[in-house]
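>>> how would this look folded up:
(one chain, ligands or ions: 1)
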Amino acid sequence: MSDDGKKIEPMRIVLYPDPVLTKKARAITPDELKAGQADGIDLRELAARMIATMYEADGIGLAAPQVGVSLRFWVADPSPEHTAPLAIVNPVLSNQSGTLDMEEGCLSIPEVRGKVKRFQKLTVTGLDLDGNPVTLEAEDLAARVAQHETDHLDGILFITKIGTAARFMARSKLRVLEDEYEVMQRRRKK
Ligand SMILES: [Zn+2]
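Purely as a prediction, here's the structure:
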């Protein structure tokens, strides 16, 4: 619920192979943060709706390109109870160490899963919605989410990082998504 008691509307999640998912997103400028607006979008409303969308879809992270907004911004909540949502503007990852091979999925590529090798530990720096600097030490699942979501901002999907066998297994599901996307595009043109 928002402050005025209205339910926050979730957004439509953009699915593979929509080109916004493979485009590098641009940084949000300090002036845009101060104004709370970028590309005509209210950033606080975007954050609230993205968090609602992530929870509704049972996800633990969602990047702005996944709702069709090509800005460097993501939300995440890797907490076990899903009670600690986090929103980071212009995230940068550093101090990466260790590796962990774990199965991943993506809300934009339903039903496809595969093992991805990620850093086990890292530091996330960025800004909050007030423009204040944020620094987070992330490990395991939290570090994995930070890497998966930051990849989204660079137009990188996890399916490009899974092994050959997993990619082979995913092929038919990806084909279905590609066909559905094409049908949708054709309908839009009419
Ligand atoms: Zn994803």
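>>> what does the average pLDDT come to for the helix or strand hosting residue 51?
Assigning secondary structure by DSSP states H and E places residue 51 in helix 43-56. For helix 43-56, mean pLDDT is 96.
>>> ok now the following helix or strand past that helix, how far from the chain's centre?
Using DSSP H and E, the next helix or strand after helix 43-56 towards the C-terminus is strand 61-63. Centroid separation for strand 61-63 versus its chain: 3 Å, with Cα atoms, centre = their mean, to the nearest Å.
>>> wait, what's in contact with the closest residue to residue 167 other than its chain neighbours?
Spatial nearest neighbour of residue 167, excluding adjacent residues (Cβ to Cβ, 6 or more residues apart in numbering): residue 159 at 6.7 Å. The C-beta positions use only the backbone N, C-alpha and C, and glycine is treated the same way. Applying Cβ atoms under 8 Å, 6 or more residues apart in numbering, we find residue 159 in contact with 16, 106, 109, 112, 114, 167, 170, 174.
>>> Now for residue 73: which residues touch it?
Counting by Cβ under 8 Å, 6+ apart, the residues that residue 73 touches are 25, 28, 43, 46-47, 63-64, 87-90, 153.
>>> For it, give its distance to residue 116.
Noted for residue 73: a distance of 22 Å to residue 116, by Cβ to Cβ, to the nearest Å.
>>> after whichever strand or helix holds residue 151 comes which helix or strand?
Using DSSP H and E, residue 151 sits in helix 140-153. Per DSSP H and E, helix 140-153 leads on to helix 164-189 as the next helix or strand towards the C-terminus.
>>> got the buried residues for that next one?
Going by neighbour count (16 or more other Cβ atoms under 10 Å), the buried part of helix 164-189 is 166, 170, 173-174, 177, 181.
>>> Can you lay out those as a markdown table showing pLDDT?
Converted to a markdown table, the buried residues of helix 164-189 look like this (pLDDT from 0 to 100):
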| residue | pLDDT |
| --- | --- |
| 166 | 88 |
| 170 | 92 |
| 173 | 94 |
| 174 | 95 |
| 177 | 96 |
| 181 | 95 |
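>>> any chance of those in CSV, with distance to residue 122 too?
Below are these laid out as CSV (distance: Cβ to Cβ, whole Å):
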residue, distance to residue 122
166, 24
170, 26
173, 30
174, 29
177, 30
181, 33
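>>> Sketch out the low-pLDDT regions of this structure for me.
Of all residues in the chain, those with pLDDT under 70 make up the ranges 1-6.
>>> Give me the residue at the spatial middle of it.
Most central in the chain under Cα atoms, centre = their mean is residue 63, positioned 2.3 Å from the mean C-alpha point.
>>> which one is that one nearest to, not counting chain neighbours?
In space, and not counting its chain neighbours, residue 63 is closest to residue 152: 3.4 Å by Cβ to Cβ, 6+ apart.
>>> helix, strand or coil for residue 97?
Secondary structure, DSSP: H, G, I helix; E, B strand; the rest coil: residue 97 is strand.
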